[in-house]
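Visitor: attaching a predicted model along with its sequence, questions to come.
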Amino acid sequence: MHGTSLASLIESHGPAGFYRKVVDLLNEKQLTPDDFSYYELADACGVLPRLRSLRDSALAGNAALPVEALLAESNPGVGTNLFQVVTGELIGRKVIEGYEDDAGFIGDRLVSVMPSRLRQTKIAGFRALAGPTEVAEGHPYEESTFEEKYVTTQESKQGRILSINEELIAFDQTGEINRRAMALGYYLRQERERTIIRAVTDADAAAGRHVYRPSGQGQTLYAADGSLRNYIGGTNTTSPDFAAAIPLEDWTDIEEVLHYRATEVRDDRVDGDQRPILAPVRQLLVPEALRGTARSIVHSTEIHVTPSDGETRFANPVHGMVEVLSSPFIDEQGGTAGSDWYLGDFPRQFVWTEIWPVQTLLQRADSEAAFERDVVLRVKARYYGGISAVDTVFVTKVSGE
């Protein structure tokens, strides 16, 4: 939008009406933040009347810029507030646009989002002490009691500040301002993604940062001795038949893990025989090093076997069974993480407690930064949330070496 049309809109609608009009046009997708020039907006609001001569002088190659061409307010009050509010709205939308660019991100497919107003809350459950029993005609039902169990959540606040200095507006660098705003949102989203991936793989348990906190006490999620019935590997002393690594190579490896989940994973009732848990797998999570192998296994329609007496073809038993997800934040962990893989129903086991969704907040020009660093305004982007494991049996970690 041009400065003349902006000025006429402000004059005809008034400051409050102009702001509402801008928001309506943005919400209706008739305009985008990229259609606005921050320089022309400032000029139309009467906030930066000398910036035009500052920009023209620079474009003409005059390096000696006049002191009076510095950022100044000719109409403090309504015009200043309008410029700050509208600019904050536009930049905030670009931050959100960058945050919502989820290409390649898988974190939201691994968790169930649970809005919360409190931090470090209890997620309650119960332990079945006895299953149902047959009731003869005319006889009373047997009493069944429940023992309380719960896990606690843990959240943190993450954020960054973006400072917009006067040169970016004076020289009408709207594209650069929007690019920085989008980058702020994108890297905030990437930090959330990394937090989720490291949590579902329990990468930071050794450092005392636990994702599984039964009764408020941090505990390793994938116990190496297999005692939580969610680990296959050479250190598993709980399930001797699954005390060896399983490199992900073909469909039989997935079948082996499904066999483990069918025979070794039980419910936690303590009165009566523990029984298998019906927990179908939905996702296969792998490092980038195994992405091609995993996709080939899951998406192949046929299996070709060539024994000595000739080739045999049959339908792939695991075709389309699970969604393949991969992340470089697993490879980043180094060591054996590059060969480990995970099979299960991740959203059923992991919750993201969201106290504050991503927010953008505006600090106006009357801050110390305005004088010290010629900052026109500052935008803060943040979220407050965290990931927790509510159980242990719905995802199985498989050692690949």
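Guide: Structure's in. What do you need? Here the structure is a predicted model, which means the values were calculated and not measured.
Visitor: rest of the way, CA atoms for contacts and neighbours
Guide: Noted.
Visitor: where do the strands sit along the stretch 51-200 of the chain?
Guide: Taking DSSP state E, counting those that start in this stretch as the criterion, the stretch 51-200 of the chain carries its strands at 112-115, 122-128, 146-152, 156-165.
Visitor: need the ones you listed in JSON lines with distance to Val200 and mean pLDDT, can you?
Guide: Shown next, in JSON lines, are these (distance: least, C-alpha to C-alpha, whole Å; pLDDT from 0 to 100):
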{"stretch": "strand 112-115", "distance to Val200": "12", "mean pLDDT": "93"}
{"stretch": "strand 122-128", "distance to Val200": "17", "mean pLDDT": "65"}
{"stretch": "strand 146-152", "distance to Val200": "15", "mean pLDDT": "74"}
{"stretch": "strand 156-165", "distance to Val200": "17", "mean pLDDT": "88"}
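Visitor: what helix or strand is the closest residue to Leu248 other than its chain neighbours on?
Guide: Nearest non-adjacent residue to Leu248, counting by C-alpha to C-alpha, 6 or more residues apart in numbering: Gly400, 6.6 Å away. Using DSSP states H and E, Gly400 sits within no helix or strand.
Visitor: oh, and call the first residue 528 from now on, that's how I've got it
Guide: Noted, 528 is the first residue going forward, which turns the last one into Gly927.
Visitor: Gly927 touches Ala771, doesn't it?
Guide: No. Between Gly927 and Ala771 there is no contact, the gap being 9.0 Å when judged by C-alpha atoms under 8 Å.
Visitor: identify the contacts common to the two.
Guide: Taking C-alpha atoms under 8 Å, 6 or more residues apart in numbering as the criterion, Gly927 and Ala771 both touch Gly760.
Visitor: neighbour count winner among these two?
Guide: Shown here are Gly927 and Ala771; by other C-alpha atoms under 10 Å, Gly927 has more neighbours (19 against 16).
Visitor: which residues touch the more buried one?
Guide: Counting by C-alpha under 8 Å, 6+ apart, Gly927 touches Gly760, Ala772, Ile773, Pro774, Leu775, Thr863, Ser866, Asp867, Trp868.
Visitor: what's the first helix or strand after the helix ranked longest in the chain?
Guide: Using DSSP state H, we find that the single longest helix of the chain is helix 701-727. Downstream of helix 701-727, the next assigned helix or strand under DSSP H and E is strand 758-759.
Visitor: can you give the strand pairings for that following strand, parallel or anti for each?
Guide: Strand pairing for strand 758-759, determined by DSSP bridges: strand 922-925 (parallel).
Visitor: now do the helices in the chain.
Guide: 530-554, 565-571, 578-586, 605-626, 693-697, 701-727, 778-791, 818-826, 855-858, 873-876, 895-900.
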